[in-house]
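> sequence first, predicted model second:
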Amino acid sequence: MEHHLQIYNTRTRRKEDFVPVNPGHVGMYVCGPTVYGDAHLGHARPAITFDLVFRYLRHLGYKVRYVRNITDVGHLEHDADDGEDKIAKKAKLEQLEPMEVAQYYTNRFHQAMEALNVLPPSIEPHASGHIIEQEELVRQILDNGYAYESHGSVYFDIEKYNRDHHYGVLSGRNLEDVINNSRELDGVGEKRNQVDFALWKHAQPEHIMRWPSPWGEGFPGWHCECTAMGRKYLGAHFDIHGGGMDLVFPHHECEIAQAVASQGDEMVKYWMHNNMITINGQKMGKSLGNFITLDQFFTGTHPALAEAYSPMTIRFFILQAHYRSTVDFSNEALAASRRGLERLTEGMAQLGRIEARADGDVTLAWVDELRAKCYAAMDDDFNSPIVISHLFDACRTVNRVADGHAAITPDALEALRGLFRTFVADLLGLRTEAEGNAGREEAFGRAVDLLLDVRQASKANKDWATSDKIRNELTALGFEVKDTKDGATWRLNK
Ligand code: ZN
């Protein structure tokens, strides 16, 4: 099947045919989380959006290298250069090593992504592991004359850059707007221009995350990591750079400036940005008290939540809107998503049960047309809500067959089952809860069997200490273990 994938490019402000830099290969970089707190709904949207992109590009046969970073240094409070590092602040509060904080929230982030059935990226580089690459980037920009050293820090010279190139190509701003809208008070007396951003920051004595550099001890500015790591893993020119719309300015604008100032041209061919999630019409934010973590959604433990929402309900809720539209969270909207997902799951279960008839009126031609419509929606800038509406239509036909109001031919039934597997499971990444539970229960059962096998082996070796320990610990956990003549059986008393 011929595909004509179009992607909306934030950089050119229009939909463009997707033609990768290297035929058959796709390099994709997505800005990952700053790991100083639990993942919330705002993290789920870019993760699920670019998971859909990753899954679809792979499905089309591309070899995709997907890089999603972990920001564990340099992301400062209030995004101002003199703010405190978010991770260092948390570490001080909790009397932990900064890397302990970063590791803890990285693990929690991975758990949340797993629950949402978000595939892991191909590479997940940490900013703190790429200080040398970032220093190299800063050195190139200095050598090319687009940065200057001041009091142990290095700043990007925006005015100089803007004379030779255009600062603001991504966000559509010009330098004058940027200057007029800037309220930055930090770095006063160090910067030539208030809008210059830090490439390297001198570390104050109390700053715990610091590295040696040609400019003294310090740490990299936040924008450096994505330019340095994107280039390291995807090359000087790669296909897709993604993230939330809130990153367009200043983060991605600064990334473009850094790329041009260091290598002479832009690195990224297609810039993709997902829109934001509001909560009852309001922006999400800690200060607004409407900051709901993913764990709180899954368990229903936040006063704003009417009930717990499963990870698949959250995933479906996000996929029901096109990634460039805004999404407003409310209990009503999530409950509607839960019902929508149930309809789809029931339709799929029904599809597994119905039987075909040779003289059926639902034919292969109908399935082929449906499949073409689903692909057309995906090819149109990953339009998942349209795919879902086609799948709902298909569910209605399945129900008509189940009720005896229509009949489906054998080849159409087989093709329709394949189509649901492709779109629901492989591309939208929706796993039915029962499926997920069955997998977990099977793994759980096998783990207990394995423990009892070890116990059996230790008994055979007269290692009574180990065999008693396994039995006692299992009993303490609520398991009832019964020895039989050829092993043991178990059940879990609830
Ligand atoms: Zn980034």
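It's in. Numbers count the residues shown, from 1 in each chain.
> measure how buried the closest residue to A261 other than its chain neighbours is and give me the count.
Using C-beta to C-beta, 6 or more residues apart in numbering and skipping the chain neighbours, the partner closest in space to A261 is Y146 (3.8 Å). Using the backbone N, CA and C atoms, a C-beta is placed for each residue, glycine as well. Per other C-beta atoms under 10 Å, the neighbour tally for Y146 reads 21.
> I'd like the distance between Y146 and A259.
Distance of Y146 to A259, given as C-beta to C-beta, to the nearest Å: 11 Å.
> phi first, then psi, for M272.
Per-residue torsions, M272: phi -120, psi 130 (degrees, to the nearest 10).
> residues near it, how many?
For M272, the count of nearby residues is 25 (other C-beta under 10 Å).
> so it touches V53, yeah?
Yes: between M272 and V53 there is a contact under C-beta atoms under 8 Å: 7.2 Å.
> shared neighbours of the two, anything?
240, 242 (C-beta atoms under 8 Å, 6 or more residues apart in numbering).
> which residues touch the residue of the stretch 1-150 of the chain found nearest the ion?
When scored by C-beta to the ion, the stretch 1-150 of the chain has C31 as its residue closest to the ion, at 3.2 Å. Going by C-beta under 8 Å, 6+ apart, C31 touches 46, 68-69, 71, 226, 242-244, 247, 251.
> and for A415?
Going by C-beta under 8 Å, 6+ apart, A415 touches 364, 367-368, 371.
> any chance of a PyMOL selection covering the buried ones in these?
Only the buried entries of the contacts of A415 go into this PyMOL selection, using 16 or more other C-beta atoms under 10 Å:
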select buried, resi 364+367+371
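> can I get the contacts of A415 in CSV including distance to the ion and secondary structure?
Formatted as CSV, those follow (distance: C-beta to the ion, whole Å; DSSP: H, G, I helix; E, B strand; the rest coil):
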residue, distance to the ion, secondary structure
L364, 46, helix
V367, 42, helix
D368, 42, helix
R371, 36, helix
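> which two in the contacts of A415 are spaced the farthest apart?
Spatially, the most separated pair among the contacts of A415 is L364 and R371, at 10.2 Å (C-beta to C-beta).
> check which helix or strand V101 maps to.
Assigned by DSSP states H and E, V101 falls within helix 98-115.
> what comes up buried for that helix?
Buried residues in helix 98-115 (16+ other C-beta under 10 Å): 98-99, 101-106, 108-109, 112-113, 115.
> measure H165 to A257 for me?
8 Å.
> so these two - more neighbours on which side?
When H165 and A257 are compared for neighbours, A257 comes out ahead with 28 against 17, by other C-beta under 10 Å.
> that one: which element?
Assigned by DSSP H and E, A257 belongs to helix 253-263.
> average pLDDT for that helix?
The pLDDT scores in helix 253-263 average 98.
> what packs against it?
Applying 3 or more C-beta pairs under 8 Å, 6 or more residues apart in numbering; DSSP states H and E, we find helix 253-263 packed against helix 131-143, strand 153-156, helix 158-164, helix 224-234, strand 268-274.
> interface residues of this protein facing the ion?
31, 226 (C-beta under 5 Å from the ion).
> same thing but at 8 Å, please
Proximity of the chain to the ion is confined to 29, 31-32, 69, 71, 222-223, 225-226, 243, 247, 251-252, 255 under the rule C-beta under 8 Å from the ion.
> who touches stretch 198-214?
Residues from elsewhere that reach stretch 198-214 (C-beta under 8 Å, 6+ apart): 73-74, 81, 85, 87-88, 91-92, 98, 128, 131, 135, 137-139, 141, 147, 151-156, 187, 215-221, 223-224, 258.
> which of those residues are buried? Put it as a PyMOL command.
Remark: buried members of the contacts of stretch 198-214, expressed as a PyMOL selection using 16+ other C-beta under 10 Å:
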select buried, resi 73+74+81+85+87+88+91+98+128+131+135+137+138+139+141+147+152+153+154+155+156+187+215+218+219+220+221+223+224+258
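> what ranges do the strands span in the stretch 301-450 of the chain?
With strands called from DSSP state E, counting those that start in this stretch, the stretch 301-450 of the chain shows them at 327-329.
> and the residue of it found nearest the ion, how many neighbours?
As assessed by C-beta to the ion, the ion sits closest to Y323 within the stretch 301-450 of the chain, at 17.5 Å. The number of residues packed near Y323 is 26, by other C-beta under 10 Å.
> what do you get for H237?
Applying other C-beta under 10 Å, we find 16 residues neighbouring H237.
> so it versus the ion, what's the distance?
18 Å (C-beta to the ion, to the nearest Å).
> for that residue, which non-adjacent residue is closest in space?
V21 (5.2 Å).
> how about K482?
Once chain neighbours are set aside, the closest to K482 by C-beta to C-beta, 6+ apart is T489, at 5.0 Å.
> what strand or helix carries the one you found?
Judged by DSSP H and E, T489 forms part of strand 487-492.
> mind listing what's buried in that strand?
A488.
> that one - what's its average pLDDT?
The pLDDT scores in strand 487-492 average 80.
> quick one: list the elements packing against it.
helix 433-460, strand 479-484.
> could I get the shortest one in PDB with only the CA atoms?
This points to strand 479-484. Extracted in PDB, the C-alpha atoms of strand 479-484 (Å, rounded to 0.1, in the frame of the first residue of the first chain):
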ATOM      1  CA  PHE A 479      -0.200 -18.200  50.500                       C
ATOM      2  CA  GLU A 480      -1.300 -21.700  51.500                       C
ATOM      3  CA  VAL A 481       1.300 -24.200  50.300                       C
ATOM      4  CA  LYS A 482       0.300 -27.900  50.300                       C
ATOM      5  CA  ASP A 483       2.900 -30.600  49.800                       C
ATOM      6  CA  THR A 484       1.900 -33.400  47.500                       C
END
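> partner strands of that strand and their direction?
strand 487-492 (antiparallel) (DSSP bridges).
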